[in-house]
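> no sequence on this one, just coordinates:
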C-alpha cells in the first residue's frame, strides 16, 4: 500500500510540475473542504501531505495530522502508521525531534502488532496484508533512523536503518531498500567510513536507476559528491554535485537541492573560487529559508561564514557564524533534548522489556524441552530395566544387528570406493575430451597433407610415364616438403597430449628465436583449413595486420602456437555461432594482428561474434569452465593458454562487448 501511494504521489507530482502547480494543489485543498466521504478525504490528504513533504514540512505534518484523525475514526491502523510517519518526517525537517520521535515510536508499536493487518483500506496488486504491515514497519524504522541521525546517535540510527534494510530485502521492496541504503551511506559519511558510504550510495543509485520515477536521485548524487569531496577527488565531486542539482531541480526536491547547493559552495570554497562559492551558498540559503529547515539553515549559514572569511569580509563572516550558532542552538534546545532523551529512554526500556520477554519465552522453551528430555530419559530407563530380564534374548538380537551393521559398513566402503573411482573416471573423461579437442587441428593438418601427397603421388606416376624428369623432381620436392610438415605436426600433436596431461605447463621445451609473424600466419591458416575440413559451409573474412619490424623473439614456438591456435579457433567458433543465429546480413570477420612497442610484442585475435557475457568474464581462464554446449569443449583451452603465456613472462588479456565481439591480446616480453 505504501509503495502504491508513493507512485500515486510521484505521478501527480510530475503531472503538476508546470505553471498550474499551485492552482492544482489549491484545487485539491478546495476539494478537501467540500468532501463529505472520509475515504475521499484520506486520499486527498495523502496527496497533499506528500506534495508538501519536501517543500513545506510544516504543511505536510499539518495535513498528515488530519489524516491521522480520520484513520483512527475509521479504525485503519496502517493508515494511522502512514500518517504518523509523515508527521514525524515533517517535524524532523523542522528540528522538533522529541515530538517526531514520539509520533514514530507510536507508529512502531502499531506496525509491530500483527493485529494491524486485519482492517486495511485498500491493497495494491500482488500485495498481502502481511506485506503491507511489513512495508509500514520498514518505513517506521527508516524514519526513526532519520531522527537518530539528526541527533547524532550512531548506534540507534544504524540499528533502525539496518532493520529497514533487512525487512525490505525480505519483501523485495526496492524503493524502500533504496532509501535504507541512502541513509546508511549518510551514516557512514558522518563517521568518515567513506568506502562503506560509497558502497551503500551506489547501491541506492542502482535501485533508483531501475525505479520508474528515478525519484530522489539528486539526494543520492549529492551524497556521492560529498564522499568524493572528503576523498579530495574534487573533479568527481563537482561532477556528481552538478548532476545532483540538475536532478533535484527536475523533481522540484527542495531539501536535496539546497543540500547540493551548499555542498558545491563548500567544494568551490575549498578550491579557492570564492565568487562561485558565495553564489551557491546564497542559493542554498534561499531554499532553506523557504522550507524552514533549521538543519539546512545551519549548514547554509556555516558555508556563507566560511566564504566571507575567505574573502576577508570579517563582518559578514561573523554575522553568518552567529546565525549558524543560533540555528544550531535551536536544534540543540536543552528542553527539547531532554524531552527527546526521555522518549528515547522510554523506547529503549520498551525494547529492553520486549527483549527480556523474548528471553523469558526462550528460557521457558528450554525448560519444557529439558523436562521433556527428563521424561524421555526416565521412560528409556524404565524400558531398559524391564528389558534387562530378557538380556540374553536382547544380546542375541544385538549380535544380529551388529553383524548387519558390519555388512552395511562394508557395503558403504565398497560404494565409497566405487564413487571415488567414478569421480576419477569422470575427471579422466573430461581431460580426454580436452585432449581430443586440442589435437584435432594438428591431426586435420596431417590428414590434409596426406590427402595432398596421395594426389601428388598419382601425378608423379603419370609424369614418370611421360618421362618428364623436371616435373617429377618438382613433385617429389613437394611430397618431401609435405612429409616434413606431416612429421612436424605429428610430433606437435604428441607434444600437445603430453602438455595437456600437465596442466601446470612447466614445459621442458627450450626457447628459440622465432618469427612471430610467420608462426601466427601458419596457425591462422591451419585453424581455418582445419575448420573447413570439418564444415565446408563455414566461411569468414580473415584480415591480418603484421608488424614487420618485430623480427624474431625467444619463445617456445610449439606452445605459443597452441595459444594462438586456441584463440583463433575460439574466434571462428564465436562468429560461426552468431552466423547460425542471425543468418543473412551478418559477415563473420576475424582480425589477427601483431605489434611491437614498449619492450613487448602483442598478438591480437579479434572477432565480431557474440562477445562474452559480463557475468562469466571472470571465469573464462578457470580450468574446465566453458560456455560451449556439452561435448563441444572441456574448458581447458583458455586455462592452458593463460598458463603458457604466464610461463613466458607475458600476459593474456581480453576485451569484450556482449553482442559485438571480443579481442584477446597476448603480450610477450622482447628478450
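Here it is on my side, so go on. Just so you know, these numbers come straight off a predicted model, no measurement behind them. Numbers count the residues shown, from 1 in each chain.
> hmm, residue 492 and residue 558 touching each other?
Yes. With contacts defined as Cβ atoms under 8 Å, residue 558 counts as touching residue 492 at a distance of 5.6 Å. C-beta: built from backbone N, CA, C; applies to glycine.
> how far does the one helix or strand residue 528 maps to sit from the chain's center?
Using DSSP states H and E, residue 528 maps to helix 516-534. Here helix 516-534 shows a centroid-to-chain-centroid distance of 40 Å under the convention Cα atoms, centre = their mean, to the nearest Å.
> got the buried residues for it?
Residues of helix 516-534 classed as buried: 516-517, 519-524, 526-528, 530-533 (neighbour count, 16 or more other Cβ atoms under 10 Å).
> ok, the next helix or strand after it: who's next to it in the sheet?
On the C-terminal side of helix 516-534, the nearest following helix or strand under DSSP H and E is strand 541-545. Strand 541-545 has the following strand partners under DSSP bridges: strand 589-597 (parallel).
> give the next helix or strand downstream of the partner strand.
Downstream of strand 589-597, the next assigned helix or strand under DSSP H and E is strand 600-607.
> which helices and strands does that next one pack with?
Contacting strand 600-607 under the criterion 3 or more Cβ pairs under 8 Å, 6 or more residues apart in numbering; DSSP states H and E are the following elements: helix 516-534, helix 557-582, strand 589-597, strand 661-669.
> may I see the buried residues of whichever strand or helix holds residue 155?
Secondary-structure assignment from DSSP H and E places residue 155 in helix 154-171. Buried residues in helix 154-171, counted by 16+ other Cβ under 10 Å: 156-161, 163-165, 167-168, 171.
> with pLDDT and distance to residue 553 added, can I get these in TSV?
As requested, the buried residues of helix 154-171 are arranged in TSV below (pLDDT from 0 to 100; distance: Cβ to Cβ, whole Å):
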residue	pLDDT	distance to residue 553
156	88	65
157	88	61
158	90	58
159	92	62
160	92	63
161	91	58
163	92	62
164	92	60
165	91	55
167	93	61
168	91	58
171	90	61
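> before we move on, back to that, dump the helices and strands packed on strand 600-607 to a markdown table, plus distance to residue 474.
Output for these, formatted as a markdown table (distance: least, Cβ to Cβ, whole Å):
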| stretch | distance to residue 474 |
| --- | --- |
| helix 516-534 | 22 |
| helix 557-582 | 29 |
| strand 589-597 | 32 |
| strand 661-669 | 38 |
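> as CSV, these with mean pLDDT and distance to residue 233 would be great.
Formatted as CSV, those follow (pLDDT from 0 to 100; distance: least, Cβ to Cβ, whole Å):
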stretch, mean pLDDT, distance to residue 233
helix 516-534, 82, 42
helix 557-582, 87, 38
strand 589-597, 93, 31
strand 661-669, 93, 30
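> which one, of these, ends up nearest to residue 97?
With Cβ to Cβ as the measure, strand 661-669 is the member of the helices and strands packed on strand 600-607 nearest residue 97 (56.8 Å).
> contact partners of the closest one?
Applying Cβ atoms under 8 Å, 6 or more residues apart in numbering, the set of residues contacting strand 661-669 from outside is 516, 553, 555, 560, 563-564, 567, 570-571, 574, 599-612, 645, 648-656.
> buried only: go through those for me.
Among the contacts of strand 661-669, those classed as buried by 16+ other Cβ under 10 Å are 516, 553, 555, 560, 563-564, 567, 570-571, 574, 601-612, 645, 648, 650, 652, 656.
> before we move on, the earlier item: the buried residues of helix 154-171: which two are farthest apart?
When those are compared pair by pair using Cβ to Cβ, the farthest-apart members prove to be 156 and 171, with a separation of 23.0 Å.
> where does pLDDT dip in the stretch 1-150 of the chain?
Judged by pLDDT under 70, the stretch 1-150 of the chain has its weakly predicted residues at 1-22, 24, 54.
> which parts of it are helices?
For the stretch 1-150 of the chain, helices defined by DSSP state H, counting those that start in this stretch occupy the ranges 2-16, 21-34, 38-51, 57-73, 77-94, 97-112, 129-150.
> ok, and the closest non-adjacent residue to residue 228?
For residue 228, the nearest residue in space outside its immediate sequence neighbours is residue 237; the separation is 3.9 Å by Cβ to Cβ, 6 or more residues apart in numbering.
> backbone phi and psi for the one you found, please?
Dihedral angles phi and psi of residue 237 (degrees, to the nearest 10) take the values phi -60, psi -50.
> correct me, but it touches residue 223?
No. Distance between residue 237 and residue 223: 11.1 Å, which falls outside the contact criterion (Cβ under 8 Å).
> between those two, who's got more neighbours?
Using other Cβ atoms under 10 Å as the criterion, residue 237 and residue 223 rank with residue 223 on top: 28 against 24.
> which helices and strands sit right next to the helix holding residue 528?
With contacts defined as 3+ Cβ pairs under 8 Å, 6+ apart, helix 516-534 has these neighbours: helix 391-466, strand 541-545, strand 552-555, helix 557-582, strand 589-597, strand 600-607.
> so which of those gets nearest residue 286?
Taking Cβ to Cβ as the criterion, residue 286 comes closest to strand 600-607 out of the helices and strands packed on helix 516-534, the separation being 55.5 Å.
> report the inter-axis angle for the closest one versus strand 541-545.
Taking axes from the mean of the first three to the mean of the last three Cα atoms, to 10 degrees, one finds that strand 600-607 is oriented at 170 degrees with respect to strand 541-545.
> which residues touch strand 600-607?
Residues from elsewhere that reach strand 600-607 (Cβ under 8 Å, 6+ apart): 516, 520, 550, 553, 564, 567-568, 570-572, 574-575, 588-596, 650, 661-670.
> show me which of the residues you listed are buried.
So, by 16+ other Cβ under 10 Å, the buried ones in the contacts of strand 600-607 are 516, 520, 550, 553, 564, 567-568, 570-572, 574-575, 588-594, 596, 650, 661-668.
> surely residue 160 is in contact with residue 138?
No. The pair residue 160 and residue 138 fails to qualify as a contact (Cβ under 8 Å) at a distance of 9.9 Å.
> find residues that contact each of the two.
By the contact definition Cβ under 8 Å, 6+ apart, residue 160 and residue 138 are jointly contacted by no residue.
> low-confidence bits of the stretch 301-450 of the chain, can you list those?
Low-confidence regions of the stretch 301-450 of the chain, defined by pLDDT under 70, span residues 331-362, 412, 415-439, 441.
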